[in-house]
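In: output the structure for:
(one chain, ligands or ions: 2)
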Amino acid sequence: MAITTASFAKAKAQGRKLTMLTAYDYTTARLVDEAGVDGILVGDSLGMVMLGYDSTLPVTMEDMIHHTRAVTRGAKHALVVADLPFMAYQVSTEQAVANAGRLIQEGGASAVKLEGGVAFEEQIAAIVRASIPVMGHIGLTPQSVNAFGGFKIQGKTQEAAQRVLDDARAIERAGAFAVVLEGIPTQLAQRIAQTISIPTIGIGAGDVTDGQILVAQDMLGMYGELSPKFVRRYANIGQQITQAISAYIADVQSGDFPNNEAEGYTMDGTQLEGLH
Ligand code: KIV
Ligand code: NA
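Out: Ligands and ions are numbered 1, 2, ... in the order given. Next up, the predicted model:
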């Protein structure tokens, strides 16, 4: 059975923890999907992880649609959520709805995610009115890196915590089906998870949320030497890739690869001498 937004609500009601990972391409989406996560996020983090930018700000709608199409071809089970990139929803509600629609219609996603709470309540409500499920995203929202003055944990003071809690309430009010809580203190995440009825998906928000999300390349050890405190490394795939490629280079140079019997082809009894 494919996962839907209703499955997310049911999981929270039953106390079953939700799991999400990012994917940006067909191959990774298949692996993540077959392992059995509930949701796959085509995050605008692809700007950093796939495209090598130093923030998510340069990512375009075209980038998001291109990667979302690849991911939806690989995901059979998980709910695919696609990020609205920077400037795709900030300018107007009309643009927000139109761009959300493109991620569904052209990308094949089942839901969209956008950053911000109180300030974007109108956009979220309008997208939901268009029958497009919305996932909110508050706390350390990477598209606000310049406004924050860096990637800084949010909600540490009472005043700042109140703003994040207000954002969570606004997102619920606007009709979102879930919300990502990123980079906030565990106590605040717990308060939010208890206050709102929709599932909370945490990243750097402690074990108190209704689910967790990580960037797949981070937890697989494929991206970045310096990874944030909240990333747990489940593998060192990057190191394995480098080792495998070094072995390939050595084998080609030594003449060990390819092996003509095992890895080459022979003619169908035709004599080479017959060629002219
Ligand atoms: O773009 C992204 O990867 C994200 C998450 C990590 C929540 O928005
Ligand atoms: Na994102």
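In: quick one: neighbours of the residue of the stretch 151-276 of the chain found nearest ligand 1, just the number.
Out: Nearest residue of the stretch 151-276 of the chain to ligand 1 (Cβ to the nearest ligand atom) works out as V180 at 4.6 Å. Just so you know, the C-beta spots here come from the backbone N, C-alpha and C atoms, and that holds for glycine as well. Neighbours of V180 under the rule other Cβ atoms under 10 Å: 26.
In: how close does it get to G255?
Out: Distance of V180 to G255, given as Cβ to Cβ, to the nearest Å: 52 Å.
In: domain assignment for this structure?
Out: 5-233, 236-264 (automatic domain parsing).
In: can you pull the contacts of I203?
Out: V180, L181, E182, G183, Q212, I213, L214, F230 (Cβ atoms under 8 Å, 6 or more residues apart in numbering).
In: and which of the residues you listed is nearest G108?
Out: In terms of Cβ to Cβ, no member of those lies closer to G108 than I213, at 20.2 Å.
In: now name the helix or strand holding the closest one.
Out: strand 211-214 (DSSP states H and E).
In: which strands and helices sit next to that strand?
Out: strand 18-22, strand 200-203 (3 or more Cβ pairs under 8 Å, 6 or more residues apart in numbering; DSSP states H and E).
In: centre of the chain to it, how far?
Out: 10 Å (Cα atoms, centre = their mean, to the nearest Å).
In: what comes into contact with the very next helix or strand once past that strand?
Out: Next helix or strand after strand 211-214 toward the C-terminus (DSSP H and E): helix 216-219. With Cβ under 8 Å, 6+ apart as the test, helix 216-219 has contacts from 21-23, 28, 32, 49, 222-224, 227, 231-235.
In: any residues of the stretch 151-276 of the chain in contact with ligand 2? List them.
Out: Residues of the stretch 151-276 of the chain that fall close to ligand 2, judged by Cβ under 5 Å from the ion: none.
In: low-confidence stretches in the stretch 151-276 of the chain?
Out: Low-confidence segments of the stretch 151-276 of the chain (pLDDT under 70): 225-226.
In: now do the helices in it.
Out: Listed in chain order, the helices of the stretch 151-276 of the chain (DSSP state H, counting those that start in this stretch) span 158-174, 186-195, 216-219, 237-254, 260-263.
In: possible to save those as CSV with mean neighbour count and distance to I127?
Out: Shown next, in CSV, are the helices of the stretch 151-276 of the chain (neighbours: other Cβ atoms under 10 Å; distance: least, Cβ to Cβ, whole Å):
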stretch, mean neighbour count, distance to I127
helix 158-174, 18, 9
helix 186-195, 18, 21
helix 216-219, 22, 26
helix 237-254, 11, 35
helix 260-263, 8, 52
